[in-house]
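**Q** Predicted model and sequence follow; I will ask about them next.
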Amino acid sequence: METTILEKTTMLSETLKKIKRPELKDILKIQQGIIRATHEFMHKKDVVQLMPIMLSAITDPLNHSVVDASINYADQKWSLTKSMIFHKQLALINPSLDAIYIVSPNVRLESKDRAGTGRHLFEFTQVDFEFKRKDKEFVMAFMEELIAFVFDSLNKQLPEIIIKLRGELLPVFKKLITYRTEELEAELGEDYEFKKSKESLEPFWLVNHKREFYDKEDMSKPGTFLNYDIIWPEGYGEGLSGAEREYEYTQILKRMEETGTNKEVFKDYLSVAKQEGFIPTAGAGFGVERMTRYICQLKDVDEVTVFSRKPYSELMF
């Protein structure tokens, strides 16, 4: 249906209202503070920064359907980055690299059922990190320390803004509680993640999801997966996702079969696994906008953005 002149005028008015809202500067300063503190923390921990990749022959297949975001260029199909999971694995083949991170723009053209969640954008920024020969426990402890560092930095550097937005300074969390996916699902039923988030006052870990082929299966306990999410409390939902990675060729093939992954798309990745061999790694990525939303206590993650990126919204810019 064609948009009328009146509808276009109304859309423009709403767009400009969003850009001109007085609270925007405070929100952006919080987001800037998150990135600044993250860079400082990574530097202290000797985690080396990589520049992001925006187009690649392979990208994260994800554990839910999204609208295809690819282009044809130079007689090859290129995908917009959904996450740099495979590039992190490939980069750590380098003998001199042990720990890496990327402030990575991601494009995930979400389906219509995610338009009203308050948690989804079709473009967002993820701080992605990966460690060579580290395990689930190491990454979980690292992320807990990172959150504590970021929140403490914001409290010290932007206390007036934090109090204005939240009414009090940020709590600085230490060790987070861990829940298993199957146990929460048995206890709370459908939508267990949101229900537990809604009733919680502190962030928590959610572990053991049957998800992507690259999430490592615990071979001592088949059907158990060495992955982990951080769930923000008060209904804010998932804020980080990570895992130990499958790195053995035969196990990657097995997991691809189980998840119905198209092996042809990943033929070059599989060639590296077979001929060169991947190194055991573990890592994660957290959404910058989602962390900002939680800190600022915003109803919708789109309130973090200057230019709206809500799935299936009719946008002008």
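**A** Ah, there it is.

**Q** average pLDDT across stretch 152-160?
**A** Across stretch 152-160, pLDDT averages out at 98.

**Q** let's have the chain start at 54 instead
**A** Shifting the count to begin at 54 puts that one at stretch 205-213.

**Q** mind checking how far it is from the chain centre?
**A** 24 Å (CA atoms, centre = their mean, to the nearest Å).

**Q** Buried residues, it. List them.
**A** For stretch 205-213, the neighbour count (16 or more other CB atoms under 10 Å) marks 206-208, 211 as buried. Every residue, glycine included, has its C-beta placed from N, CA and C.

**Q** Out of those residues, the closest to L115 would be?
**A** Comparing the buried residues of stretch 205-213 against L115 with CB to CB places L207 closest, at 30.4 Å.

**Q** which residues in the protein form strands?
**A** In the chain, the strands defined using DSSP state E lie at 101-102, 108-109, 119-120, 123-126, 129-133, 152-160, 162-163, 176-185, 230-233, 257-260, 280-285, 290-297, 334-340.

**Q** partner strands of the last one, parallel or antiparallel?
**A** If I follow you right, that is strand 334-340. With DSSP bridges as the test, strand 334-340 is paired with strand 176-185 (antiparallel), strand 290-297 (antiparallel).

**Q** could you dump the ones you listed to TSV with distance to T314?
**A** Below are those laid out as TSV (distance: least, CB to CB, whole Å):
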stretch	distance to T314
strand 176-185	20
strand 290-297	15
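
**Q** Tabulate those in TSV, adding columns for mean neighbour count.
**A** Output for the strands paired with strand 334-340, formatted as TSV (neighbours: other CB atoms under 10 Å):
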stretch	mean neighbour count
strand 176-185	22
strand 290-297	23
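
**Q** Identify whichever of these lies nearest to E197.
**A** Here strand 290-297 is closest among the strands paired with strand 334-340 (CB to CB), at 10.6 Å.

**Q** Contacts for the closest one next, please.
**A** Contact with strand 290-297 is made by 170, 172, 188-189, 192, 196, 246-247, 250, 256, 264-265, 267-269, 278-285, 333-340, 343-344, 347, as judged by CB atoms under 8 Å, 6 or more residues apart in numbering.

**Q** Low-confidence stretches in the stretch 54-203 of the chain?
**A** 54-55 (pLDDT under 70).

**Q** change it to 50
**A** Within the stretch 54-203 of the chain, no range satisfies pLDDT under 50.

**Q** where do the helices sit along it?
**A** Here the stretch 54-203 of the chain has its helices, by DSSP state H, counting those that start in this stretch, at 58-73, 77-97, 138-144, 189-210.

**Q** how about L218, what does it touch?
**A** 76, 79-80, 83, 348-350 are the contacts of L218 under CB under 8 Å, 6+ apart.

**Q** If any of these are buried, put those into a ChimeraX selection.
**A** This is the ChimeraX syntax for the buried subset of the contacts of L218, where burial follows 16+ other CB under 10 Å:
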select :79,80,83,348,349
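
**Q** Pull the most distant pair out of the contacts of L218.
**A** So, these by CB to CB: farthest apart are E76 and I348, at 13.2 Å.

**Q** Give me the nearest residue to R219, chain neighbours excluded.
**A** Leaving aside its chain neighbours, R219 sits nearest to Q350 (5.5 Å; criterion: CB to CB, 6 or more residues apart in numbering).

**Q** Settle this for me: L150 is touching K185, isn't it.
**A** Yes - applying CB atoms under 8 Å as the test, L150 and K185 come out as touching, 7.1 Å apart.

**Q** hang on, the earlier thing: out of the helices of the stretch 54-203 of the chain, which gets nearest to S164?
**A** Closest among the helices of the stretch 54-203 of the chain, using CB to CB: helix 138-144, at 20.8 Å.

**Q** if we can go back for a sec, of all the strands paired with strand 334-340, which one is nearest I111?
**A** The closest of the strands paired with strand 334-340 to I111 is strand 176-185. By CB to CB, the value is 15.2 Å.

**Q** what about that closest one, distance to the chain center?
**A** The answer for strand 176-185 is 7 Å, by CA atoms, centre = their mean.

**Q** same question, stretch 90-110
**A** Here stretch 90-110 shows a centroid-to-chain-centroid distance of 14 Å under the convention CA atoms, centre = their mean.

**Q** Report the buried residues of it.
**A** 90-91, 94-95, 100, 103, 105.

**Q** how about those in JSON lines, adding distance to Y302?
**A** Formatted as JSON lines, the buried residues of stretch 90-110 follow (distance: CB to CB, whole Å):
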{"residue": "A90", "distance to Y302": "39"}
{"residue": "T91", "distance to Y302": "34"}
{"residue": "F94", "distance to Y302": "35"}
{"residue": "M95", "distance to Y302": "31"}
{"residue": "V100", "distance to Y302": "28"}
{"residue": "L103", "distance to Y302": "25"}
{"residue": "P105", "distance to Y302": "28"}
